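Chemist: Next input, structure requested:
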Amino acid sequence: MGLSLTKAAQWTTASSGTGKLEFTPMNESLLKEILCFVEQFSSQHPQEAEHVFEEPLQWRTTLVASDFKTEYDISDSAVQSHEKDSEGLPLLQFSPPAVYVRSFSQLSKLVHLADDKKLEEVRTCLEENRDPVVKILGRSFATALEREDTQTDILSLVDKVKDPAKDSETKVKLCLLLHNMDKQILSKLLEEISEKVSLNPTAVKNEVELLKQLCSEGEKRALKSLRYTSDFEFSNGCRTPLWRQPHGEICYLVIEPCDTETLYITYSTAGVFLNEGIKQEGEESGYERTSDVYTDLVTLLKSRSPHFAENINEQQDFAAQKLPSTHKFQHVESVDGEKQGQPQRSYEQQEKNVHEKTKQQHTVNKAGNRNKYGSSSFDLLFMYRKAEEEKPSKSSGEEKKKLTPGAKSKIKAEFSGSSLPVRRSSQKIKTSAGAVPVELESSTDSEEEEEQPARHPEGNTDLPPEYWQIQKLVKYLKASDQKATVLTLYAMMDLNLMQETCQLAIRDLGGLEILLNLLDTKEVRCKIGSLKILRKISHNMQISRTIVDMRGLQRMVTTLDSPNKDLKALSAETIANVARFHRARKIVRNLDGIKKLVKLLDCGTPNLAQVSANQEKDVEVARCGVLALWSCSKSCKNKEAIRKAGGIPLLGRLLKSPHANMLIPVVGTLQECSSEESYRVTIQTEGMIKDLVKNLRSDNDELQMHCASAIFKCAEEKETRDLVRKYKGLQQLVSLLGKADNKQLLAAATGAIWKCSISTDNVAEFQKHNALQTLVGLLTDQPEEVLVNVAGALGEFAQIPANKPTIGKCGGIKPLVNLLIGTNQALLVNVTKALGACATDKDNMTIIQQLDGVRLVWSLLKKPSPDVQSSAAWALCPCIENAKDAGEMVRSLVGGLELILNLLKSTNNEVLASICAAIAKIARDEENLAVLTDHGVIPLLTKLTDTTDDRLRHHLAEAIYYCCMWGNNRESFGEAQAVAPLVRFLKSKDTAVHLSTAKALYQLSWVPNNVITMYERGVVKALMQMMLSDVEELQEYAAGCVRHIRKLAMANLDARLFH
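Modeler: Just a heads-up that it's a prediction; the model follows:
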């Protein structure tokens, strides 16, 4: 954060105080690394995270007050953190638009709150705090940080830094953490930059042209002659044959120095080196390197020709022109000097090993009279190549005529691009001074899920034989006619294309571009061969992303319109592999690919159980189309596109198929889409539930899993739950619980049971098959996905009173309590719901108390999730109501009542309703009610009376009713102006709200001033209507309230008569 900003960051030319970070790849990488460091700092270094900065980091934030959660005090637009320093000052203060942060703990929390604006916040913070280390640690530590090396221990640094503060050791640790972070960031950026170092044809051409000027007559000439071996220049600037360009070779030169023998030189993207002697175009030998690799041609000539070295320094005109740099370095200083000192394997050793391995492979093939793979395709291809080589050579123009015009232009365009050479993990390059070797390392940086990192072979010596075979096949693809191209494609298909090394080799050697270009040709065999290879290698996510980057999806979607059924099927299946990330799915939708894929589903076969030979291809096309839709359906917009394109009825028709390979993608697509309510309703009305239940009886575990998942999502609807019971699906779901080894199937089955058990009729059916006992047995040693569903199902089962003691007797309470210490929010919600339902049974409540379950549930109120908070509060209500000596239990929880009251400041209505319900239970104990009163429960409850949420109104009025039963609380509620809003509650249509409000008004009506307020608000008419209710309790409280109003009126009348 210090060195990385001063040495690596790229700033605008503005003055120091107002400069901005440029929008460059270097700065983006730097910001991402700093963001990752800040996000993880609190969890990895909790002690250092609490350290208070010397000065606050201040910047203009994009956040607003509503973005801050429960750990902050919010008043109007200003925000302060609950965490404070020793002087009582908040560690985070927000006064729009400025934010002041004084610890890494608060900085980490703020970054998390920023959500998708994290990177923007980090950028603004660094721009407005150009020297953050000084503000974090102080000037003395910042100076020490720049001065000390990484090996300095903590004690020596404490001695050197004259800081009397008690927390100097923590500051030193923080200092070293920042130093290590800077070192790691700079090293990583240096690796990225080193990878980008390469020569390019334009720079090479400029250098050669300048050197040609030195080949004049006379004694002072530096060179006799300099020429290219080929006068033909490709559109990408290279003069080497196409099959040598994947090696990174740009051109070959023949140079005659004045004082030594002729030099044969190769110019490549990796550098300049001597070859074995390429004298003219078309020679098949002489490509091997015989010298070190130099950064430029001048450096090589200086090392080989003393005459050239002497004269080049005297050429003033040449020096004035300053040869254009063939390498582009960004300015980054390495902070790790040890890297360059590490032993390196020389380039010669690597090349020697590579060629030895190649020769050994060749010997084996020759001895066996066939290639390593024993493939007839390879034999046929090599025979064809040999026959072609024996023919008289033809002009390049005649050979190009063998390809269609479209293919020729496409392939030429792709070949003209820069071909990636084989990457080496350690490549020795001599600098112009001939001094320290530079080590270029392949990148291993990881990025976010949406953009996975590209991985490359780490070194030539580690590459398998398949790599070199692919290199040869790609070379043939680049230079072959149609017949040889088809043979080459089939030879490539004989390789193990599911092996990652082969997949990445095809991409890195330029084969992927060719395969995609073949999709633009008119030759069907080439297209089919290309798609068969793409279908396999696209299983690799890196290949999929590269296909998208090369606009491969556009070509595949276009191929869906082909009349050839094989092409349509292969294209759809390849799209299914590629469309596994958001950007690819979006491209398919934007190209109208969803409509085309849905069209493939209409195979025109009414009876899929009896398919003729002619119809088999149509069914296969439909299957591949469903596979593609399955991948695309993970996007919400694509789900809607599938529905609009008429995909649901077609999927329902394919659901009748008896074949598992068709049913799995169909059901998979349906279960993905059934997260949308429109799909759930359509699946139910189209009669697909019957087919889903039927396929639960399949022998295929994957099909059963997808069917159970679909039922899990569709069972949100009551009609669906009834249909599952009608078609005897509940028994089959229980039977799936026996397949406990298949965790995915178990998660799907328990999820379906959970949702189906929402209906009490289904619970009774489940109990006929002992589902409850089986579910309790699944509460231990299971993944969280299963536990969430099991706990949810037990919560629904426990809604029936007869099942509550059964859960306790089966030993279900203890594992449920043990799950309260987890962190999974969905699991905590379901567990607390289940425990709350079980707590109404006295025996279960005794077990919960013995296991300290109430304290664990209460501690969940500290969780930031509103769902967990509300679920925990609801669970506390039956626990408090049914616990032995509940008042003492509540008082024994240190800080418990304060935590409850603090949650009355929440903005979530469900949390507020649950907390009010809990307060109603707590307030039944006089001592606890007294404590609540002392802590200000009355004004907090009064603030909530403006709500219009009936659920909150019900429990709020209940809480007020019980809080009125202590001291002067009735008068306090009146003074806080809680009476008038309560009268408005009677306008609700909810009977539960009427009852709780009548109870609260009855208690408040004991105070004359409150009665006057009620009367003025017209409460009498509403209460008279309540007295006519069928609910006896409501009648009593409404009548009691009216009685108090009447008594006050009579007393007032008497007073007037006698006075």
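
Chemist: Where does pLDDT dip in the stretch 751-900 of the chain?
Modeler: Confidence mapping of the stretch 751-900 of the chain against pLDDT under 70 gives zero matching residues.

Chemist: now the helices: where do they sit in it?
Modeler: Remark: helices assigned in the stretch 751-900 of the chain by DSSP state H, counting those that start in this stretch are 760-767, 771-777, 784-797, 803-809, 813-818, 825-838, 842-850, 853-859, 866-882, 886-891, 896-902.

Chemist: which residues touch the closest residue to residue 771 other than its chain neighbours?
Modeler: With Cβ to Cβ, 6 or more residues apart in numbering as the criterion, residue 771 has its nearest non-adjacent residue at 4.8 Å, and that residue is residue 734. For the C-beta atoms, the positions are set from N, CA and C on the backbone; glycine is no exception. Each residue near residue 734 by Cβ atoms under 8 Å, 6 or more residues apart in numbering is listed here: 753, 766, 769-771, 774.

Chemist: out of those residues, what pair is the most spread apart?
Modeler: Farthest-apart pair in the contacts of residue 734 is 753 and 770; separation 12.5 Å (Cβ to Cβ).

Chemist: Neighbour count for those two, which is higher?
Modeler: A side-by-side neighbour count of residue 753 and residue 770, using other Cβ atoms under 10 Å, places residue 753 first with 30 against 11.

Chemist: so that one touches residue 766, yeah?
Modeler: Yes: counting by Cβ atoms under 8 Å, residue 766 is a contact partner of residue 753 at 6.9 Å.

Chemist: got any residues that touch both of the two?
Modeler: Here residue 753 and residue 766 have 730, 734 as joint contacts, going by Cβ under 8 Å, 6+ apart.

Chemist: Just give the nearest non-adjacent residue to residue 1017, would you?
Modeler: Residue 1017's closest residue in space is residue 983 (Cβ to Cβ, 6+ apart), at 4.2 Å.

Chemist: Could you say which helix or strand holds the one you found?
Modeler: helix 979-985 (DSSP states H and E).

Chemist: Report the mean confidence score over that helix.
Modeler: Mean pLDDT, computed over helix 979-985, is 92.

Chemist: Now find how far off-centre it is within its chain.
Modeler: Here the centre of helix 979-985 is set off from its chain's centre by 49 Å, with Cα atoms, centre = their mean, to the nearest Å.

Chemist: who does it touch, helix- and strand-wise?
Modeler: Judged by 3 or more Cβ pairs under 8 Å, 6 or more residues apart in numbering; DSSP states H and E, helix 979-985 is in contact with helix 950-963, helix 991-1004, helix 1008-1016.

Chemist: what about 10 Å?
Modeler: The contact analysis (3 or more Cβ pairs under 10 Å, 6 or more residues apart in numbering; DSSP states H and E) places helix 979-985 against helix 937-943, helix 950-963, helix 969-975, helix 991-1004, helix 1008-1016, helix 1019-1026.

Chemist: hmm, back to that, near the residue nearest to residue 1017, how many other residues are there?
Modeler: 20.

Chemist: what do residue 753 and residue 770 both touch?
Modeler: Shared contacts of residue 753 and residue 770 (Cβ atoms under 10 Å, 6 or more residues apart in numbering): 734, 737.

Chemist: quick one: residue 224 is in a helix?
Modeler: No: counting by DSSP: H, G, I helix; E, B strand; the rest coil, residue 224 falls outside a helix, being strand.

Chemist: got the contact list for the residue lying closest to it once chain neighbours are set aside?
Modeler: Spatial nearest neighbour of residue 224, chain neighbours left out: residue 256 (3.9 Å); criterion: Cβ to Cβ, 6+ apart. Residues in contact with residue 256, defined by Cβ under 10 Å, 6+ apart, are 215, 223-227, 262-263, 305.

Chemist: Tell me the one of these nearest residue 534?
Modeler: residue 227 (42.6 Å).

Chemist: which residues does that closest one contact?
Modeler: Residue 227 neighbours (Cβ under 10 Å, 6+ apart): 208, 212, 215, 252-256, 280.

Chemist: Recalculate using a threshold of 7 Å.
Modeler: Residue 227 makes contact with residue 254, according to Cβ atoms under 7 Å, 6 or more residues apart in numbering.

Chemist: List phi and psi for it.
Modeler: Backbone dihedrals for residue 227, given as degrees, to the nearest 10, come out at phi -150, psi 160.

Chemist: ditto for the one 5 residues further on
Modeler: Its backbone dihedrals place residue 232 at phi -80, psi 130, with angles given as degrees, to the nearest 10.

Chemist: Could you pull up the residues touching it?
Modeler: Residues near residue 232 by Cβ under 7 Å, 6+ apart: residue 239.

Chemist: on contacts alone, who are the packing partners of the host helix or strand of residue 485?
Modeler: Under the criterion of DSSP H and E, residue 485 resides in helix 482-493. Counting by 3 or more Cβ pairs under 7 Å, 6 or more residues apart in numbering; DSSP states H and E, the packing neighbours recorded for helix 482-493 are helix 376-390, helix 465-479, helix 524-537.

Chemist: Quick check: buried residues in whichever helix or strand comes after that helix?
Modeler: With elements assigned by DSSP H and E, the helix or strand that comes after helix 482-493 is helix 500-508. For helix 500-508, the neighbour count (16 or more other Cβ atoms under 10 Å) marks 502-508 as buried.

Chemist: and if you look at stretch 55-69?
Modeler: 56-59, 61, 63, 67-68.
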